[in-house]
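S.K.: Generate a structure from the sequence data that follows.
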Amino acid sequence: PMIDERKSVINVGGEDYELLLTTRATKEIAGRYGGLENLGDHLMKSENFEMAIGEIVWLISLLANQSILVHNLKHKDAPKELLTEEMVELLTVPADLATYKSAIMEALLKGTKRNVESETDAKNAVVE
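M.R.: Residues are numbered from 1 along each chain as shown. Take a look at the predicted model:
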């Protein structure tokens, strides 16, 4: 049940994929962007559309594969196929990318929610 609130769902080629920000995904994002906060800025600012497509495709593959990898870890007898960047590119149209962008942001927010909430509480406590 706890894992459900961390999910954000997208549709690729008629199949639903859950975007999940795991610790492993966070590590990979940090390796590529230097941290989650940089990723947010990066996604919102991408001037170069082609580059933005590449980044969104990479992120969709990364985040969608987290829930598949978790499934495969728990169901070794019935593994699901991982989503490749090529699959994402072929099974989507550019118009999908805006939707995916907000799904990515949603997954990031859900994955980091706990921290944000406790920080807010701490700030409120100081104010009072």
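S.K.: what stretches of the chain score poorly on pLDDT?
M.R.: 1-7, 44-51, 114-128 (pLDDT under 70).
S.K.: And the helices in this structure, which stretches?
M.R.: 23-33, 36-45, 49-74, 85-91, 96-127 (DSSP state H).
S.K.: List the contacts of the shortest one.
M.R.: When contacts are defined by CB atoms under 8 Å, 6 or more residues apart in numbering, helix 85-91 is touched by residues 12, 13, 57, 58, 60, 61. Using the backbone N, CA and C atoms, a C-beta is placed for each residue, glycine as well.
S.K.: Show me which positions of it end up buried.
M.R.: Neighbour-count burial for helix 85-91 flags 87, 88 (criterion: 16 or more other CB atoms under 10 Å).
S.K.: Run the chain-centre distance for it.
M.R.: Its chain's C-alpha centre and that of helix 85-91 lie 16 Å apart, by CA atoms, centre = their mean, to the nearest Å.
S.K.: Equivalent analysis for the second one, please.
M.R.: Computed by CA atoms, centre = their mean, the separation of helix 36-45 from the middle of its chain amounts to 12 Å.
S.K.: Pull the residues that contact it.
M.R.: So helix 36-45 is contacted by 26, 29-30, 33, 52, 55-56, 59, 101, 104-105, 108, 112 (CB under 8 Å, 6+ apart).
S.K.: Most widely separated two among the contacts of helix 85-91?
M.R.: Within the contacts of helix 85-91, 13 and 58 form the most distant pair, 17.5 Å apart (CB to CB).
S.K.: Run a quick neighbour tally on the residue nearest to residue 106 when sequence neighbours are not counted.
M.R.: Residue nearest to residue 106 in three dimensions, not counting chain neighbours: residue 8, with 4.2 Å by CB to CB, 6 or more residues apart in numbering. Residues near residue 8, counting by other CB atoms under 10 Å, number 23.
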